[in-house]
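[1] Just need the structure, nothing else, for what follows:
(chains A and B)
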Amino acid sequence: MSTLTEAPPPLSPTAPEKKPPRRRGRFTPYWLLLPGILWLVVFFALPMIYQASTSVQTGSLEEGYKVTWHFATYWDALSEYWPQFLRSVFYAAAATVLCLLLGYPLAYLIAFRAGRWRNLIMILVIAPFFTSFLIRTLAWKTILADNGVVVQTLGSLHVLDVTSWLGWTAGDRVLATPLAVVCGLTYNFLPFMILPLYTSLERIDGRLHEAAGDLYARPWTTFRKVTFPLSMPGVVSGTLLTFIPAAGDYVNAELLGSTDTRMIGNVIQTQFLRILDYPTAAALSFILMAAILAMVTLYIRRSGTEDLV
Amino acid sequence: MPFVNWLKRHLVVIAGLLTLAYLLLPNVIVTVFSFNQPKGRFNYEWQRFSTDAWQDPCGVAGMCGSLSLSLQIALWATVGATILGTMIAFALVRYRFRARGAVSSLIFLPMAMPEVVMAASLLTLFLNMGAQLGFWTVLIAHIMFCLSFVVTAVKARVMSMDPRLEEAARDLYAGPVQTFLRVTLPIAAPGIAAGALLSFALSFDDFIITNFNAGSTVTFPMFVWGSAQRGTPVQINVIGTAMFLVAVLLVLVSMVVGNRRNKQKA
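    Take a look at the predicted model:
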């Protein structure tokens, strides 16, 4: 994920060394690491263990919980909430694909075609971050309102008939449908796709494009054979940075969706904060974590970019 | 067919600008609706122009309090995460030590974990310890998830640093502290600043982890979330618009200053 932060050029051509030299003060690195690592161990790693333990406990709020190795909680949780799990994966995957399709042209534009507008467009991509994302997500309620311009236009072009037939929308409404949720997810995580894409596109040597042209490659061929393969690290980290938060999100489904679009994040949130069924909530959260970690590992292996960390 | 050719040549530009419009449309709506005078409790439909909300931005009970709480938390989370993260980054780049792989994955994992998982597991820890949910639990959580981002930002900068500059300082009889303060820190500063800025933005806008660990404490995102159920006051849009304008202005000013400095150097 280091592609997120742009590395400035080295000060001299021979500067960066691969292996850090051994310095005086054998314990210095440990002192430097201690406070931060301790923080992560206590407030990130330890909670995972507590959560795993909570998921196999039984009991009630009044009498307290005890570890009884009650693994049936996992089975019950999965058999009751598998539709929400599946929905989360579908919505997050759809949003990731849309982010890639929408984000790639913009990243390409900033990297190669923007000229002196580059900085301005870059600012405009980042600027929305400074308005709370909840406020911006609520704005989609106005944009996708039933009697708004967007929905009226889509309706008169009979687009909504098609999407309703596909089950993405319901009748002449967009709000409170899967389409609205996916649209919100795409919008919210688009910058996380654009920034890594831009970083890897910007590193491509422009002379490679010229060389491809000199060898009679058409623009599309140049893109397919040169540009896109070289931007793969950006594609991989962009899709991860989009898919992971989208799969666990519950804000878009809550604000733009309905009870039929609840994702696994919504279930975990209600179980934890309203129903107070801690074992079930912990089990669901644990399954989500395991599923995401497995998918990420597999994906990084398959795409062959293991130096993301 | 000159038009078709033109379209072909500029297809990427057009598609890119359409995406940019998609990204910015909600901000336009937020700004326009900060001048609305809604009929009911919700500010989703345009009624008529009014500047009432701009004249009385704190007129909604609890909103400005939540805003100042969010700013405080973001400030302290930034300070904490930046100090701890910078120390880790220096250790990672400059020293060899045992368990390097374990440390790296401990820093990578929080960024590869859905927020709701971190939020839920942290809540189980706090519940088990019997901690009082509120300002401190939120601050602890924010420092936790900002840390990794600071480490990556600072690491990138320190890695590209020429170690010979420090050796030169030492050769010129600078002590280790002097070398660090006068040479190392100034060179690493842009990375540290980037990490700090990112932390501030992440902490200020965080909702999911705060939602789980705040108890009855209300930060600004929590206030907006609550108002989505009870009724959205126009003042929310005023704050959103003001934040957007201030941020863009700051960035533009820093760019102009930076340009001028570069020109002076050249």
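[2] in stretch B:250-260, what's buried?
    B:Val251 (16 or more other Cβ atoms under 10 Å in any protein chain shown). Where you see a C-beta, it was placed from the backbone N, CA and C, and this is true even at glycine.
[3] For the residue in the stretch 1-150 of chain B that chain A sits nearest to, which non-adjacent residue is closest in space?
    Relative to chain A, the nearest point of the stretch 1-150 of chain B is B:Pro114 (2.5 Å; Cβ to the nearest Cβ). Distances taken as Cβ to Cβ, 6 or more residues apart in numbering or on different chains place A:Gly248 nearest to B:Pro114, at 2.5 Å, with adjacent residues excluded.
[4] residue contacts, that neighbour?
    Shown in contact with A:Gly248 (Cβ atoms under 8 Å, 6 or more residues apart in numbering or on different chains): A:88, A:264-265, A:288, A:292, B:114-117, B:208.
[5] out of those, who's nearest A:Ser79?
    The nearest member of the contacts of A:Gly248 to A:Ser79, counting by Cβ to Cβ, is A:Ile264 at 14.0 Å.
[6] Does stretch A:201-211 reach chain B?
    No - Stretch A:201-211 lies out of reach of chain B by Cβ under 8 Å from any Cβ of the partner chain, never closer than 11.5 Å.
[7] in that stretch, what's buried?
    A:201, A:209.
[8] One more: stretch B:77-84?
    By 16+ other Cβ under 10 Å, the buried positions in stretch B:77-84 come out as B:77-78, B:80-84.
[9] can I get these in a markdown table with secondary structure, distance to B:Leu181 and pLDDT?
    Below are the buried residues of stretch B:77-84 laid out as a markdown table (DSSP: H, G, I helix; E, B strand; the rest coil; distance: Cβ to Cβ, whole Å; pLDDT from 0 to 100):
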| residue | secondary structure | distance to B:Leu181 | pLDDT |
| --- | --- | --- | --- |
| B:Ala77 | helix | 25 | 98 |
| B:Thr78 | helix | 21 | 97 |
| B:Gly80 | helix | 21 | 97 |
| B:Ala81 | helix | 22 | 97 |
| B:Thr82 | helix | 17 | 97 |
| B:Ile83 | helix | 15 | 97 |
| B:Leu84 | helix | 19 | 97 |
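[10] would you turn the contacts of A:Gly248 into JSON lines with secondary structure?
    Shown next, in JSON lines, are these (DSSP: H, G, I helix; E, B strand; the rest coil):
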{"residue": "A:Ser88", "secondary structure": "helix"}
{"residue": "A:Ile264", "secondary structure": "helix"}
{"residue": "A:Gly265", "secondary structure": "helix"}
{"residue": "A:Leu288", "secondary structure": "helix"}
{"residue": "A:Ile292", "secondary structure": "helix"}
{"residue": "B:Pro114", "secondary structure": "coil"}
{"residue": "B:Glu115", "secondary structure": "helix"}
{"residue": "B:Val116", "secondary structure": "helix"}
{"residue": "B:Val117", "secondary structure": "helix"}
{"residue": "B:Ile208", "secondary structure": "helix"}
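[11] From the residues you listed, pick the one nearest A:Glu254.
    Distances from A:Glu254 to the contacts of A:Gly248, taken by Cβ to Cβ, are shortest for A:Gly265, at 8.8 Å.
[12] ok, residue 150 - how many residues close by?
    Since you didn't name a chain, this refers to chain A. 15 (other Cβ atoms under 10 Å in any protein chain shown).
[13] That was the other one, I meant chain B.
    Neighbours of B:Val150 (other Cβ under 10 Å): 30.
[14] pretty sure it is in contact with B:Ala81, am I right?
    Yes - contact criterion Cβ atoms under 8 Å: B:Val150 and B:Ala81 qualify, at 5.1 Å.
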